[in-house]
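Engineer: I would like the atomic coordinates for the input below:
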Amino acid sequence: WQFYFTYIQQTVIGYGINATNGIIFAPLRTALYFDPSRAMIALKLTVSLALPLWVFVFYADARRNPAVLLAWLMVGIGLVQYVLLSESGEFHVAANFNWGLRTAALLLFGVSLLLVLRDALAALQIRRPTPRLIGAGALLLLHVVGGMYLYYGYASRMIPTLP
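Structural biologist: Numbers count the residues shown, from 1 in each chain. A predicted model of the protein is given here:
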């Protein structure tokens, strides 16, 4: 239903049968509009998924956890949509196929973080952090610092009183 009301109905009924709006197969079209470098797109994706990748590799229970596996499946589907599909016409830059990937990545980050927190609680009981917990903590710290840097950069462009 969402597909119908978002794309079919708004295109055919809302804009007429001759409307140029629709879904097209256009690999990386939307991604390259926002970031002209394929290497930067790959780097941003890798960095944003660094903690979940770490958890998947170094936490054996993550590879058996249904929530983690489902979240990775959702990230895969969202990535395929974002990379391969685009909207044509005036909605080209709306990047609506980006939302599936973003939402799935957030969910994956959350379920991965729960596993790290469970590991941290266990490390507190034995009073000794494991190397995998130290690595996860370092990646989490880098993620938070990078996010603060990006948000500060965005806010300083939008709010003229910030330095």
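Engineer: what residues are up against Leu79?
Structural biologist: Taking C-beta atoms under 8 Å, 6 or more residues apart in numbering, we find Leu79 in contact with 45, 101. Backbone N, C-alpha and C define where each C-beta goes, glycine included.
Engineer: That one is in what secondary structure piece?
Structural biologist: Using DSSP states H and E, Leu79 maps to helix 66-84.
Engineer: Using PDB, write out every CA atom in that helix.
Structural biologist: What follows is helix 66-84, C-alpha atoms only, in PDB (Å, rounded to 0.1, in the frame of the first residue of the first chain):
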ATOM      1  CA  PRO A  66      17.700 -13.000  15.200                       C
ATOM      2  CA  ALA A  67      17.400  -9.200  15.800                       C
ATOM      3  CA  VAL A  68      20.900  -8.600  14.500                       C
ATOM      4  CA  LEU A  69      20.400 -10.900  11.500                       C
ATOM      5  CA  LEU A  70      17.100  -9.200  10.700                       C
ATOM      6  CA  ALA A  71      18.700  -5.800  11.000                       C
ATOM      7  CA  TRP A  72      21.500  -6.800   8.700                       C
ATOM      8  CA  LEU A  73      19.000  -8.100   6.200                       C
ATOM      9  CA  MET A  74      17.100  -4.800   6.400                       C
ATOM     10  CA  VAL A  75      20.400  -2.800   5.900                       C
ATOM     11  CA  GLY A  76      21.100  -5.000   2.800                       C
ATOM     12  CA  ILE A  77      17.700  -4.300   1.300                       C
ATOM     13  CA  GLY A  78      17.900  -0.600   2.100                       C
ATOM     14  CA  LEU A  79      21.400  -0.400   0.600                       C
ATOM     15  CA  VAL A  80      20.200  -2.200  -2.600                       C
ATOM     16  CA  GLN A  81      17.300   0.200  -2.900                       C
ATOM     17  CA  TYR A  82      19.500   3.300  -2.300                       C
ATOM     18  CA  VAL A  83      22.200   2.300  -4.700                       C
ATOM     19  CA  LEU A  84      20.100   1.000  -7.500                       C
END
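Engineer: Beyond that helix, next helix or strand please.
Structural biologist: The helix or strand immediately downstream of helix 66-84 is strand 85-88, counting by DSSP H and E.
Engineer: in its sheet, what does that next one sit against?
Structural biologist: strand 22-25 (antiparallel) (DSSP bridges).
Engineer: how far does the strand it pairs with sit from the chain's center?
Structural biologist: 21 Å (C-alpha atoms, centre = their mean, to the nearest Å).
Engineer: Mind listing what's buried along the helix or strand that it is followed by?
Structural biologist: The helix or strand immediately downstream of strand 22-25 is helix 29-34, counting by DSSP H and E. Of all the residues in helix 29-34, those buried under the rule 16 or more other C-beta atoms under 10 Å are 29-31.
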